[in-house]
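Asker: please find the sequence and the predicted model below.
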Amino acid sequence: MLRDTLGKEKFYEDILEFSKSSLGDRVVGIVLFGSYVYLGHGKDVDLLIIISRELDLKEKFSLERTFSRDLRKKVGDFIFDIHILGVKEFEENLRPGSFLSGLALGYEVLYDRIGLEEKILAFLERLSRTKYVLHNRHGSWDLSHMARIMLKIKRKNRNVAL
């Protein structure tokens, strides 16, 4: 199901509102990515939430599971694939081969207190100079090529906004 622009903005606002009310001041960044962004639809919604402190594995999985369940009740009939990372863990995953390589296919920064956009663009710049191919159920993606395209799009959008 494709959402119109107004519906998409409301959906993003609902995610942001729920995230901040559930996790409070710990939230320093929220990024939507995956097939919902780059295909305009998907069976799940991939959501990356960056918080101000690192979590141990047990706490991380528990928080992700609870957050996903509660968000689905609040926002709607979607399956949410939640990734909650501390700032250090987020930065460590900004490298080719990590699950964040998928950001080259498309992402939307919903909330940012730590310069996420700049960090992601720097990562995409590095990724654009590698030769990395992602294979998933949607096909095979040359992420170095996709990173170059995403960089052009994001830079163009930034210039338009200025």
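Answerer: Received it, and whenever you're ready, just let me know what you need. Residues are numbered from 1 along each chain as shown.
Asker: going forward, measure contacts and count neighbours with C-alpha atoms only.
Answerer: OK.
Asker: this structure: strands as residue ranges?
Answerer: 27-33, 44-51, 79-86, 107-112, 133-136, 139-142 (DSSP state E).
Asker: Phe11 and Val45: what is the separation?
Answerer: 11 Å (Cα to Cα, to the nearest Å).
Asker: who's more crowded, these two?
Answerer: Val45 (18 against 15; other Cα atoms under 10 Å).
Asker: beta-bridge partners for that one, please?
Answerer: Phe80 (DSSP bridges).
Asker: what's the distance between it and Gly97?
Answerer: Val45 is 21 Å from Gly97, by Cα to Cα.
Asker: repeat that for Leu151.
Answerer: Applying Cα to Cα to Leu151 and Gly97 gives a distance of 18 Å.
Asker: settle it for me: which of those two has more neighbours?
Answerer: It is Leu151, of Leu151 and Gly97, that has more neighbours when counted by other Cα under 10 Å, with 18 against 14.
Asker: what's the pLDDT at that one?
Answerer: Per-residue pLDDT puts Leu151 at 94.
Asker: then Lys43?
Answerer: Reported pLDDT for Lys43: 69.
Asker: which one of the strands of the chain lies nearest to Glu64?
Answerer: Taking Cα to Cα, strand 79-86 is the member of the strands of the chain nearest to Glu64, at 5.7 Å.
Asker: who's in contact with the closest one?
Answerer: Contacts to strand 79-86, defined as Cα atoms under 8 Å, 6 or more residues apart in numbering, come from residues 43-55, 60, 63-65, 67-69, 71-72.
Asker: can I get that strand in CSV, CA atoms only?
Answerer: Output of strand 79-86 as CSV, limited to C-alpha atoms (Å, rounded to 0.1, in the frame of the first residue of the first chain):
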residue,chain,number,x,y,z
ILE,A,79,5.4,-5.2,11.2
PHE,A,80,8.2,-3.1,12.5
ASP,A,81,11.8,-4.3,12.4
ILE,A,82,13.3,-2.2,15.1
HIS,A,83,17.1,-1.7,15.5
ILE,A,84,18.1,0.2,18.7
LEU,A,85,21.7,1.2,18.8
GLY,A,86,23.8,3.4,21.1
